[in-house]
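Engineer: for reference, the sequence and a predicted model appear below.
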Amino acid sequence: MTDSMKPVYLVGAGPGDPDLLTVKALRLIQQADVVVYDRLVSEPIRDLVPVGTKQIFAGKTARDHHMPQHETNDLLVTLARAGRSVVRLKGGDPFVFGRGGEEAVHLAENQIPFEVVPGITSSAGCAAYAGIPLTHRDYAHGVRFVTGHTQNGEEPELNWASLADPDTTLVVYMGVTNARIIANRLIEAGLSADTPAAAINMGTRPEQKVIRTTLTALPEEIQTAGLSGATLLVIGGVVQLADIIDWFTPSSIEAHKAHG
């Protein structure tokens, strides 16, 4: 590592609404030489990258990696050693199911300086925009975050008995593909089939869609709706509060921005 080498910035872009970017994230995006971005980084956020700044797509979906993780890791090292100012832009928060930890370890092992810029994770941002508080003293005393898919595409190996807690909100990232397995395993482990559940698709964005139903009906409703793109599952009593505090209407938000 040389004194003149610039840090690689592992930056959280939040769940999609560009207004949810941190001040630091926006500043770094606008100062970067190269932005390496993921599939979950929304187009309005990418539009904030200055004209002339190189953008490299390193997107990933379940079972389909445009750029394998080891290649992304090596790319960051190569760009940093070339003296470039690099922003690694990741949907949500880099350290919450964003593989930012893997990239940070690789940079550290190769003596590349780096900084981590937290972002609003999808669970907090999308649930809030769906009118679902992740905790509420009358409904949930804790929150659990899990991923709903595995590297090899097999059934998630989760402690279903532990997750089937009616006093805890369960948030499942990347759970659409295995939604039926997840619902069945939770019910088998003792969670009521009537537990409120939601699927939040493209949360915080103008195209946001929310399905609110029961745990047992959730897989079928996801399939019927044909959801595609970033989708978060929220399971627990807090979901029913959206009947009262569902506040986000994209049309009114856009109108507010236009007159702000």
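Structural biologist: Okay, I see it.

Engineer: can we go C-alpha only for contacts and neighbour counts from here?
Structural biologist: Fine.

Engineer: now do the longest helix that the chain contains: which elements does it pack against?
Structural biologist: Counting residues, the longest helix found in the chain (DSSP state H) is helix 69-81. On a contact count with 3 or more C-alpha pairs under 8 Å, 6 or more residues apart in numbering; DSSP states H and E, helix 69-81 meets strand 86-90, helix 100-109.

Engineer: using PDB, list the CA coordinates for the helix or strand following the longest one.
Structural biologist: Stepping forward along the backbone from helix 100-109, the first helix or strand reached (DSSP states H and E) is strand 114-117. Once non-C-alpha atoms are left out, strand 114-117 reads as follows in PDB (Å, rounded to 0.1, in the frame of the first residue of the first chain):
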ATOM      1  CA  PHE A 114     -11.000   1.400   2.300                       C
ATOM      2  CA  GLU A 115     -13.900   3.100   4.100                       C
ATOM      3  CA  VAL A 116     -17.400   1.800   4.800                       C
ATOM      4  CA  VAL A 117     -20.400   4.200   4.300                       C
END
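
Engineer: ok, which of the helices and strands packed on helix 69-81 comes nearest Ile132?
Structural biologist: Closest of the helices and strands packed on helix 69-81 to Ile132 is strand 86-90, at 23.7 Å (criterion: C-alpha to C-alpha).

Engineer: what strands line up against that closest one, and which way round?
Structural biologist: Strand 86-90 pairs in its sheet with strand 8-12 (parallel), strand 34-37 (parallel), by DSSP bridges.

Engineer: so for Thr195, which of those strands sits nearest?
Structural biologist: Between Thr195 and the strands paired with strand 86-90, the shortest gap by C-alpha to C-alpha is with strand 8-12, which sits at 31.8 Å.

Engineer: quick one: mean pLDDT for that closest one?
Structural biologist: Per-region confidence: strand 8-12 scores 98 on mean pLDDT.

Engineer: following element in sequence after it, please.
Structural biologist: Going down the chain from strand 8-12, the next helix or strand is helix 23-31, by DSSP H and E.

Engineer: so what does that next one touch, helix or strand wise?
Structural biologist: With 3+ C-alpha pairs under 8 Å, 6+ apart as the test, helix 23-31 has strand 8-12 packed against it.

Engineer: quick one, the strand it packs on and helix 69-81 angle?
Structural biologist: Strand 8-12 runs at 130 degrees relative to helix 69-81, counting by axes from the mean of the first three to the mean of the last three C-alpha atoms, to 10 degrees.

Engineer: list the contacts of strand 8-12.
Structural biologist: The set of residues external to strand 8-12 that reach it, using C-alpha atoms under 8 Å, 6 or more residues apart in numbering, is 21, 25, 28, 76, 80, 85-94, 100, 104, 112-120.
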